[in-house]
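> what's the 3D shape of this:
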Amino acid sequence: MKLHIPPSLHSRPFRLLWLGLMVSIAGSQMQFWSLLWHIRQLAGEESAAIALGGIGLARIIPLAIFSLIGGVAADRRNRRAVMAFSQTAMMLVAVALTVLSFREQITLLHIYALTALQAVAGAFDLPARQSMTPNLVPREHLPNAFSLTSIAFQVGSIAGPALSGLVIANLGLSYTYLINATTFAAVLLALALMGQVPQDRYDRSAGVSGIEAVREGFRFLRGRPIILSSMVLDFFATFFSSANALLPIFAVDVLKVGAVGYGYLSAAQSIGATIAAVIVSQLEGLRRQGPILLGAVVLFGLATITFGFSTLFALSMAALMVIGASDSVSAIIRNTIRQVRTPDSLRGRMVSINQLFFVGGPQLGEIEAGVVAQLFGAPFAVVSGGVACILSVWWIARRWPQLSTYSHETGD
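Numbers count the residues shown, from 1 in each chain. Sure, this is the predicted structure:
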């Protein structure tokens, strides 16, 4: 297969945003994995599992409250301005973590509170960012744009965790937060340079309230079974197979590796996801998306089971890479289905509703995994989650049989 420049990169605004996100995501991922390591240190071995699960609770509550509001804002306001505001807010959270950490005043309560604030900003950032992508590239280049966005996320997710282990081991946790605070400048600069971005805003002149605007989004979703089923599939898959919060326990107690090994494990999913996204970005088209989506989620569950059973570092790395690759394919297909089938004036609200599924799933899953791991051990929590993930695919395929045969050419 001959490599070529992906067509979506010919758009200057998208190219600027893509490069800025790659830098910023690396910093954000460095901070995320450092926070998990930090929580384990502060909580101690006996209560580490439940404390790590608490990070999901700190995220899901703000997400549930503000996600739909963020979607309305993305449709009613200038998406570029909304994203600039949210990125600045997340940068300030990183600054607060830096200051508290350097002063050695940080506690679990500080981490949970600042994580919740970052989740509020993220509830506005994601709808604005994803719904802006179709405004930056032609419709026919959307699958390519989302595969490149996945690449940017995964490259950042490789560099960030790997660097977090090295920075923690050689400089200390405080510097991971400091580095992250500086990386937000890349996205803010990209937003400033790209200029005005045209969009079809939701018409407020009719006097429709924000609540009614949200209801309109849910009414649209109920009439689109392909979009709804793909969202439900992602929720159950990530709820049951979410093992990220338990990774420090596996690194220290199961695989017996230190901070550097933990950094490599943290990056493994993103290595697999990047490989998958690069392959998809080089394809002219992706046919039979429904069967591929279902197959990718089954593979996701099988790899999760393998990781839960593994006591070998190499096998664990391989399983995590497969988890990342299958999740990347699933995400690209889901994003393409939703964006292609949603009018521009509704895209922000569709992203915000989807955010409840694909962000809410893993955050609630981290709480569930933490509780199960505290009661029965981390390996049991991961293996049982992988089994439940596969069973959820079987149920969804029976509940929405049209997903099993869906292809972009044939529609719903």
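> tell me the contacts of Arg347?
By C-beta atoms under 8 Å, 6 or more residues apart in numbering, the contact list for Arg347 reads Ala74, Asp75, Gln130, Ser131, Pro134, Gln339. To be clear about C-beta, it is placed using only N, CA and C from the backbone, and glycine gets the same treatment.
> Now name the helix or strand holding it.
Per DSSP states H and E, Arg347 falls inside helix 347-358.
> what is the mean pLDDT for that helix?
Mean pLDDT, computed over helix 347-358, is 74.
> Just the residues contacting the helix or strand following it, thanks.
Next helix or strand after helix 347-358 toward the C-terminus (DSSP H and E): helix 360-376. With contacts defined as C-beta under 8 Å, 6+ apart, helix 360-376 is touched by 47, 49-57, 59-60, 63-64, 234-246, 249, 380-382, 384-385.
> Can you pull the poorly scored residue ranges out of the stretch 1-150 of the chain?
1-4, 45 (pLDDT under 70).
> How are the strands of it distributed by residue range?
Secondary structure of the stretch 1-150 of the chain (DSSP state E, counting those that start in this stretch): no strands located.
> which stretches of it form helices?
12-43, 48-76, 79-102, 108-136, 142-170 (DSSP state H, counting those that start in this stretch).
> I'd like to know how far Pro127 sits from Arg59.
According to C-beta to C-beta, to the nearest Å, Pro127 and Arg59 sit 16 Å apart.
> picking up where we left off before, among the contacts of Arg347, which pair sits farthest apart?
The distance between the two most remote of the contacts of Arg347 (C-beta to C-beta) is 13.7 Å, for Asp75 and Gln339.
> Now the common contact residues for the two.
In contact with both Asp75 and Gln339: Ser131, Arg347, using C-beta under 8 Å, 6+ apart.
> who's more crowded, those two?
Set side by side, Asp75 and Gln339 show more neighbours around Asp75, with 29 against 22, by other C-beta atoms under 10 Å.
> The more buried one against Pro343, yeah?
No: counting by C-beta atoms under 8 Å, Asp75 does not reach Pro343; the two are 9.9 Å apart.
> returning to what we had before: what is the orientation angle of the helix holding Arg347 with helix 360-376?
10 degrees (axes from the mean of the first three to the mean of the last three C-alpha atoms, to 10 degrees).
> Now find how far off-centre helix 347-358 is within its chain.
Its chain's C-alpha centre and that of helix 347-358 lie 12 Å apart, by C-alpha atoms, centre = their mean, to the nearest Å.
> can I get the CA coordinates of it in PDB?
Provided in PDB are the C-alpha atoms of helix 347-358 (Å, rounded to 0.1, in the frame of the first residue of the first chain):
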ATOM      1  CA  ARG A 347     -23.900  18.200  15.700                       C
ATOM      2  CA  GLY A 348     -22.900  19.800  19.000                       C
ATOM      3  CA  ARG A 349     -25.900  18.300  20.700                       C
ATOM      4  CA  MET A 350     -25.200  14.900  19.200                       C
ATOM      5  CA  VAL A 351     -21.600  15.000  20.300                       C
ATOM      6  CA  SER A 352     -22.700  16.000  23.900                       C
ATOM      7  CA  ILE A 353     -25.300  13.100  24.000                       C
ATOM      8  CA  ASN A 354     -22.600  10.700  22.600                       C
ATOM      9  CA  GLN A 355     -20.200  12.100  25.300                       C
ATOM     10  CA  LEU A 356     -22.600  10.700  28.000                       C
ATOM     11  CA  PHE A 357     -22.100   7.300  26.400                       C
ATOM     12  CA  PHE A 358     -18.500   7.100  25.400                       C
END
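> Report the angle between it and helix 79-102.
40 degrees.
> Test my guess that Ser28 contacts Phe153.
No: taking contacts as C-beta under 8 Å, Ser28 lies outside contact range of Phe153: 9.6 Å.
> quick revisit: compare Pro127 and Arg59 (neighbour count), which wins?
Regarding Pro127 and Arg59, a neighbour count based on other C-beta under 10 Å identifies Pro127 as having more, with 32 against 25.
> wait, the more buried one sits on Leu346?
No: using C-beta under 8 Å, Pro127 is not in contact with Leu346; the gap is 11.0 Å.
> Now list whatever residues contact both of those two.
Any residue near both Pro127 and Leu346 by C-beta under 8 Å, 6+ apart counts here, and not one turns up.
> Could you check how far Arg399 is from Gly217?
From Arg399 over to Gly217 (counting by C-beta to C-beta), the distance is 22 Å.
> For the two, indicate the residue with more neighbours.
Using other C-beta under 10 Å as the criterion, Arg399 and Gly217 rank with Gly217 on top: 24 against 12.
> Look up how far Leu117 lies from the more buried one.
25 Å.
> Pull out the buried positions in stretch 245-260.
245-252, 254-255, 257, 259-260 (16 or more other C-beta atoms under 10 Å).
> List every C-alpha atom in stretch 42-58, with coordinates, as PDB.
This file holds the C-alpha atoms of stretch 42-58, laid out as PDB (Å, rounded to 0.1, in the frame of the first residue of the first chain):
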ATOM      1  CA  LEU A  42      -1.400   8.900  48.400                       C
ATOM      2  CA  ALA A  43      -4.000   6.100  49.100                       C
ATOM      3  CA  GLY A  44      -1.600   3.300  50.000                       C
ATOM      4  CA  GLU A  45      -1.800  -0.300  48.900                       C
ATOM      5  CA  GLU A  46      -4.800  -1.400  51.000                       C
ATOM      6  CA  SER A  47      -7.300   1.200  49.600                       C
ATOM      7  CA  ALA A  48      -5.600   1.900  46.200                       C
ATOM      8  CA  ALA A  49      -8.300   0.100  44.100                       C
ATOM      9  CA  ILE A  50     -11.300   2.100  45.600                       C
ATOM     10  CA  ALA A  51      -9.300   5.300  45.500                       C
ATOM     11  CA  LEU A  52      -8.400   4.800  41.800                       C
ATOM     12  CA  GLY A  53     -12.000   4.100  41.100                       C
ATOM     13  CA  GLY A  54     -13.000   7.400  42.700                       C
ATOM     14  CA  ILE A  55     -11.400   9.200  39.800                       C
ATOM     15  CA  GLY A  56     -14.200   8.000  37.600                       C
ATOM     16  CA  LEU A  57     -16.800   9.400  40.000                       C
ATOM     17  CA  ALA A  58     -15.000  12.700  40.000                       C
END
